[in-house]
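Peer 1: Predicted coordinates and the sequence they were generated for:
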Amino acid sequence: MLKIISMVTSFILITFGSSVYAATKAVNFSPAQSKVEWVGSKIIGSEHNGTISIKEASMKVENGVPKSAKIIVDMNSIKNRDLKDKKYNDKLIGHLKSDDFFGTKKYKESTLIISKIQKVNDSKWRLDGNLTIKNKTKSVSFIANSTLNGSKLKAVKVDFEFDRTDFDIRYGSGKFFDNLGDKMISDKVQIKVMLMLEKPVELS
């Protein structure tokens, strides 16, 4: 009798336990097809733009509902797109990688951890989480736009900005230095993220 009960219990655990496990899954975005674009500017005058490569990006989906996500970017992959002169391009990138800005020799990665995802409508989602740069973490909240194929999610697009001084990037900031004139750099950095799923995922 005990043997029969044990067999029935095992069957229930395997059947329903597997269903629960299958209901929550991790889906990967394609680093090669995804991209992060940045824009930085002076208060008066020029701006620069470029890209950073995604090292890893994934999302957890529970019963067809996105629950959380994680993006890791390679800070040493930062590139500039607007400066055509190689000398000035290399100079800018070298400066951005230096301790004046992102200190990429020590801080090789930055992360965006999304801990809460709320549906606004069929194509918009509110994301809440934490952005970590130079080992400093700040909370973020913004709207993501999704690209759908029927009921399947294909891609996610996010536009947001962060204050670089929150991450101890003070070079050329009017908050910390006086009389900068036209050398003052905006504290705000604009970010555009496009994430392409390796395989479309069915949403409920």
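Peer 2: Perfect, I can see it now. Numbers count the residues shown, from 1 in each chain.

Peer 1: got the residue ranges for the strands in the chain?
Peer 2: Counting by DSSP state E, the segments of the chain that form strands are 24-28, 35-41, 47-62, 65-80, 109-121, 124-133, 136-149, 152-163, 188-202.

Peer 1: I'd like the ones you listed as TSV, with mean neighbour count and distance to residue 172 appended.
Peer 2: All C-beta spots, glycine's among them, are computed from the backbone N, C-alpha and C. What follows is the strands of the chain, written out as TSV (neighbours: other CB atoms under 10 Å; distance: least, CB to CB, whole Å):
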stretch	mean neighbour count	distance to residue 172
strand 24-28	13	38
strand 35-41	18	10
strand 47-62	18	13
strand 65-80	18	17
strand 109-121	15	20
strand 124-133	17	17
strand 136-149	14	19
strand 152-163	17	14
strand 188-202	17	12
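
Peer 1: Looking at those strands, which is nearest to residue 100?
Peer 2: With distances scored as CB to CB, the stretch of these nearest to residue 100 is strand 35-41 (12.5 Å).

Peer 1: Show me what the closest one is packed up against.
Peer 2: The contact analysis (3 or more CB pairs under 8 Å, 6 or more residues apart in numbering; DSSP states H and E) places strand 35-41 against strand 47-62, strand 188-202.

Peer 1: Of the strands of the chain, which is nearest residue 177?
Peer 2: Across these, the minimum distance to residue 177, taken as CB to CB, is reached by strand 152-163, at 15.7 Å.

Peer 1: Give the rounded mean pLDDT of that closest one.
Peer 2: When pLDDT is averaged along strand 152-163, the result is 96.

Peer 1: Alpha carbons of it, in CSV - could you do that?
Peer 2: Once non-C-alpha atoms are left out, strand 152-163 reads as follows in CSV (Å, rounded to 0.1, in the frame of the first residue of the first chain):
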residue,chain,number,x,y,z
LYS,A,152,4.6,36.4,-30.6
LEU,A,153,7.2,38.8,-29.3
LYS,A,154,10.0,39.4,-31.8
ALA,A,155,11.9,42.5,-30.5
VAL,A,156,11.9,45.1,-27.7
LYS,A,157,13.0,48.7,-28.1
VAL,A,158,13.8,51.0,-25.2
ASP,A,159,14.8,54.7,-25.1
PHE,A,160,16.0,56.3,-21.9
GLU,A,161,18.5,58.6,-20.4
PHE,A,162,20.7,58.5,-17.3
ASP,A,163,22.6,61.1,-15.3
